[in-house]
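S.K.: quick one, what's the 3D model for this:
(3 chains)
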Amino acid sequence: MELLRILGEGLARNRLLAVILAGFALFPIYTGIADLPFWNDLAMRIMILGMAAMGLNLVLGYGGMVSFGHAAFVGIGAYAVGISQFYGLDNGWIHVLISLFACGVLGLVIGFLSLRTTGIYFIMITLAFAQMLYFLFVSLEQFGGDDGMSIDRADFMPIDLWEPLRLYYLIWVALLLTSLFLMVIVRSRFGVVLEAIRSNESRVEAMGLVPLRFKITGYVISAMICGLAGTMFASWQEYVSPDIMHWTRSGELMIIIILGGIGTLAGPLLGAVAFLLLEEWLPELMLLVAPAYAENWMIIFGPVLIAVVLFARGGLGGLIRRIAGGG
Amino acid sequence: MIAPVLSLEGLNKSYGALQATRDVSLDVVAGEIHALIGPNGAGKTTLVRQIYGSEAPDSGTVRLHGATVNHLSVPQRVRNGIGRSFQISNVLMEFTVLENAMVAEAARRGEAFRFLRPAFTDRGLRDGAMAILARVGIEARGKTRVADLAHGERRLLEFALALAGDPALLLLDEPMAGAGPEETRHMIEIIERLRGEVAILLIEHDMDAVFRLADRVTVLVEGAVIASGTPDAISGDAAVRAAYLGGDDDVEA
Amino acid sequence: MTFILLLEQIFNGLQLGVTLFLIAAGLTLILGIMDFVFLAHGAQVMIGAYAAASLTALTGNFYLGILLAIPVTFASGYLLEYLLIRHLYRRNHMDQVLATFGLILFFNELIRIGFGPAALFSSLPPSLSGFVNILPETPYPVFRLLVIAVGLACALGIHLLVARTKIGAMVRAGANNETMTAALGVNIRMLRRLVFAAGACFAGIAGMMLGPLTAVEPGMGEPLLILSLVVIIIGGIGSVRGAFVAAILIGVVDTLGRVLLPVILRGFMGQAAADGAGPALASMMVYILMSLVLVVRPSGLFPPKG
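M.R.: Purely as a prediction, here's the structure:
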């Protein structure tokens, strides 16, 4: 009961998040009427990337730890599905457990080793660990090496994912649970201390708390959320390759967070919407304006990123809040 | 006999060729205000850092209530009863005054590692936090973001946070630095009120404040204790006059 | 594995090492003294390679092409700093990562538009395409030797510049300490711009030398950028000397690993699998090396003083 009260109060304070989650829940109704099944596919991708970015945002936005290697956890989550299937384990629920466990342990080890460093060293060592995992999977020939491995849509008994929209709502529920979980912990004592550490680590120490304990806990949680996003990704794409762990993917997750609004609950989701819509629409826009260069839409996207950094403090979420006039 | 709250024995600390602390021995007993003075670069802050645990001495022992704490980290020493205010205000700038105190209150209660209930709407935490702020009289500024506070109020908040854990020993590193006369007077009043409640090691350049507050004064010059005693004894000490008080423009008396 | 083959690979490792050093030398100063996370340094490598390749094609002379390309890379670094980078110094690392990530996308696409997505292959003049005996009966490509020589010469030049000149002293003093350097009568803005331009120039030279050895293509700088970041971390951020030692170390470890690991792995698995897994594991070794260094020395092998 108390949990329900906490959740209700939390959603009331995070209306933007509630609206976005409701939007994703209702979206298939629109695509069903308008007969745009392709958009469901895009929406699933947005939810998965948004979920991963929300996980990263816990350490990046709330904890102030600039991790440049979180795509590795998404990859581990996806490979957990592929490798389990390779060994004949088809149950999707078990995949999720394996992925959460693997990412939790890996997050603990990487977090423990990386969080000894700060600043640029931390950015670079998290990047290095991700590269290590990337090359590990490139080298694992039995799991497809560079070419990756195909994955069967997992068996989430009793849900039949081959029925229309079942996968969509499975992803939606995962996103919902992730959002609610993060919403609760960022407002909890733990979340508040995590933010306090970002603001001033030595003051937190002076209160008798051990910052490392909070940072590692946050790091492990965020790794597990990225792992969950990875398992969803595997079922959505029905394929996984080391590319999912490439360092540019970690960069994309950071872009999504900044684009949407760092250190806010709804930010990463907004950012994922914006990022994938830009990816979808920029080529079409180029086709209209400069047809010869339709494939070169990155020439616009790069400067857009720079402009966001230079001029759009607080990202899209900040913009919406300013327009809505709320605090 | 009861062990002093803090007792230092033969502390030494060098940075390369520079010896910042030379064989320092010093006691702070329960209830006293012990001032540590000395010219700039005398090694006062280095000494405080060794007591606090953010710097390890090369040799010597730091004892808290008679027990050696050399091997303890900063958070462990804090939990064992050390509170500290820093030379440069060290508070949570992006938080409000009340939120600062609420984080401190959660830490004090040992409740910081909890994940479910929202922290900032918790009545118990709020009441505890208000009590923390009330000790220095800034409870009315609770809703103000620290970044928007005036310098003096920030010092008061810092002071409140240092007191929040009910420390047995309070390390105050230049609490009057940069404060105006009005704020200094207020600060002296607050420290005066704490006399007897908590043992205080006070580092201060404002000699007026030092001689009004201190029960004992220790003078540090080039890392070594050159004199220690009552304020009267210290102000009459020839060595101190020669080394420090006499004609040194550091004295803002 | 014969001794001669091993020697050849050690030379290849040296050649990769000096190339990495040229990229890392400027970047370590940018990261260290300006505390600026600059991910687009790989683009400077690419710009250098393309400038040399196209100017060689234009003039018909390899040496002239290189000679003309050097000022181009210097100018590109100078301009980039002036137009964008200087607005980012005061931003946090996260913003810097993102903005320079955007720059990577922009430059790669710009090159793709200008030169097409396919790789350029530039040929060497006859005088450089031969072999020379480094030991009796041990031929080694002249151009690779030249790369090592040029790399070492540049390294010496950079060392003298940083250790012996007044500008170098300012750089070592820490260019981010504005009040201090300003008190010494230095134009801090200009100093940063010069470090940036010089860094771009050296990265560009690395690209020019890689051009004839590998494919000149969009995105060619990124794998090198990541490797140079490893070099910088191992060497200690801000330390040119550390970057040199770490670059040679990484160059040799990476190259030898690629050759030796498949041989070792053949003992455990089939030849095809070993040949597939070997290079990837060699790439991993570099990162394992880096984590080991950081576990033992969290600020790298040669942390700059202060």
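S.K.: of all of the stretch 51-200 of chain A, which residue lies closest to chain C?
M.R.: Taking CB to the nearest CB, chain C has its nearest neighbour within the stretch 51-200 of chain A at A:S139, 3.2 Å off. Every C-beta, even on glycine, is put in place using the N, C-alpha and C of the backbone.
S.K.: pretty sure that residue contacts C:A282?
M.R.: No. With contacts counted by CB atoms under 8 Å, A:S139 stays clear of C:A282, the gap being 9.0 Å.
S.K.: low-confidence ranges in chain C?
M.R.: C:1, C:174-186, C:305-306 (pLDDT under 70).
S.K.: helices and strands around whichever strand or helix holds B:V217, which ones?
M.R.: In the assignment (DSSP states H and E), B:V217 maps to strand B:216-221. Applying 3 or more CB pairs under 8 Å, 6 or more residues apart in numbering or on different chains; DSSP states H and E, one finds that strand B:216-221 contacts strand B:33-37, strand B:224-229, helix B:231-236.
S.K.: highest mean neighbour count out of the ones you listed?
M.R.: Highest mean neighbour count among the helices and strands packed on strand B:216-221 (mean count of other CB atoms under 10 Å in any protein chain shown): strand B:33-37, with a mean of 25.
S.K.: tell me which strands and helices that strand is in contact with?
M.R.: helix B:44-52, strand B:199-203, helix B:207-213, strand B:216-221.
S.K.: excluding chain neighbours, what is closest to the residue of the stretch 51-200 of chain A closest to chain C?
M.R.: C:A280 (3.2 Å; CB to CB, 6 or more residues apart in numbering or on different chains).
S.K.: helix, strand or coil for the one you found?
M.R.: helix (DSSP: H, G, I helix; E, B strand; the rest coil).
S.K.: burial of it, as a residue count?
M.R.: Neighbours of C:A280 under the rule other CB atoms under 10 Å in any protein chain shown: 22.
S.K.: same check on B:E192?
M.R.: So B:E192, with other CB under 10 Å, has 11 neighbours.
S.K.: quick check: buried residues in the one helix or strand it maps to?
M.R.: Using DSSP H and E, the element containing B:E192 is helix B:181-194. Across helix B:181-194, burial judged by 16 or more other CB atoms under 10 Å in any protein chain shown covers B:E183, B:T184, B:H186, B:M187, B:I188, B:I190, B:I191, B:L194.
S.K.: okay if I get the residues you listed as CSV plus pLDDT?
M.R.: What follows is the buried residues of helix B:181-194, written out as CSV (pLDDT from 0 to 100):
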residue, pLDDT
B:E183, 84
B:T184, 88
B:H186, 88
B:M187, 89
B:I188, 92
B:I190, 90
B:I191, 92
B:L194, 89
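S.K.: A:N14 contacts A:L269, correct?
M.R.: No. With contacts counted by CB under 8 Å, A:N14 stays clear of A:L269, the gap being 11.0 Å.
S.K.: who has more neighbours out of these two?
M.R.: Neighbour totals were compared for A:N14 and A:L269, and A:L269 leads with 31 against 19 (other CB under 10 Å).
S.K.: in what helix or strand does the more buried one lie?
M.R.: Counting by DSSP H and E, A:L269 is part of helix A:267-289.
S.K.: residue ranges for the strands of the chain, please.
M.R.: Since no chain was named, I'll use chain A. A:149-150, A:239-240 (DSSP state E).
S.K.: chain C is the one I meant
M.R.: Going by DSSP E, chain C shows strands at C:131-135, C:138-141.
S.K.: packing partners of the shortest one?
M.R.: Packed against strand C:138-141, as judged by 3+ CB pairs under 8 Å, 6+ apart, are the following elements: helix C:3-33, strand C:131-135.
S.K.: the longest one now?
M.R.: Judged by 3+ CB pairs under 8 Å, 6+ apart, strand C:131-135 is in contact with helix C:3-33, strand C:138-141, helix C:142-164.
S.K.: for the shortest one, which strands pair with it and how are they oriented?
M.R.: This points to strand C:138-141. Sheet pairing of strand C:138-141 (DSSP bridges) gives strand C:131-135 (antiparallel).
S.K.: show me what from the stretch 101-250 of chain C comes close to chain A.
M.R.: C:101-110, C:112-113, C:222, C:226, C:229-230, C:232-233, C:237 (CB under 8 Å from any CB of the partner chain).
S.K.: now a PyMOL select for only the buried ones of these.
M.R.: Of these, the buried ones go into a single PyMOL selection, burial set by 16+ other CB under 10 Å:
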select buried, chain C and resi 101+102+103+104+105+106+107+108+109+110+112+113+222+226+229+230+232+233+237
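S.K.: out of the residues of the stretch 101-250 of chain C next to chain A, which are inside helices?
M.R.: Using DSSP state H, the subset of these located in helices is C:101-110, C:112-113, C:222, C:226, C:229-230, C:232-233.
S.K.: in the stretch 51-200 of chain B, what residue is nearest chain C?
M.R.: Closest point on the stretch 51-200 of chain B to chain C, by CB to the nearest CB, is B:E94, at 13.2 Å.
S.K.: verify the stated contact: that residue with A:A196.
M.R.: No. Contact between B:E94 and A:A196 fails when scored by CB under 8 Å: they sit 9.1 Å apart.
S.K.: so which of the two has more stuff around it?
M.R.: Neighbour tally, B:E94 and A:A196, criterion other CB under 10 Å: the higher count belongs to A:A196, 27 against 15.
S.K.: got a pLDDT number for the more buried one?
M.R.: Per-residue confidence for A:A196 comes out at a pLDDT of 97.
S.K.: check the gap between it and A:M207 for me.
M.R.: Separation of A:A196 from A:M207 (CB to CB, to the nearest Å): 8 Å.
S.K.: who touches both of the two?
M.R.: B:V103 (CB atoms under 8 Å, 6 or more residues apart in numbering or on different chains).
S.K.: got the residues of chain A near chain B?
M.R.: When proximity is defined as CB under 8 Å from any CB, chain A approaches chain B at A:2-3, A:6, A:9-10, A:184-185, A:187-193, A:195-196, A:199-200, A:202-210, A:213-214, A:217.
S.K.: just the buried ones from those, in ChimeraX syntax?
M.R.: This is the ChimeraX syntax for the buried subset of the residues of chain A next to chain B, where burial follows 16+ other CB under 10 Å:
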select /A:6,10,184,185,187,188,189,190,191,192,193,195,196,199,200,203,204,205,206,207,208,209,210,214,217
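S.K.: out of the residues of chain A next to chain B, which sit inside helices?
M.R.: Short answer: the residues of chain A next to chain B in helices (DSSP H) are A:2-3, A:6, A:9-10, A:184-185, A:187, A:189-193, A:195-196, A:199, A:202-206, A:213-214, A:217.
S.K.: quick one: which of the buried residues of helix B:181-194 is nearest C:Y78?
M.R.: Nearest to C:Y78, judged by CB to CB, of those is B:E183 at 49.5 Å.
S.K.: what is the lowest-mean-pLDDT helix or strand in chain B packed up against?
M.R.: None of the helices or strands of chain B scores lower by mean pLDDT, DSSP states H and E than helix B:238-240, at a mean of 81. Other helices and strands packing on helix B:238-240, by 3+ CB pairs under 8 Å, 6+ apart, are strand B:224-229.
S.K.: show me what the strand it packs on is in contact with.
M.R.: B:22-26, B:216-220, B:233-234, B:237, B:239-240, B:243-244.
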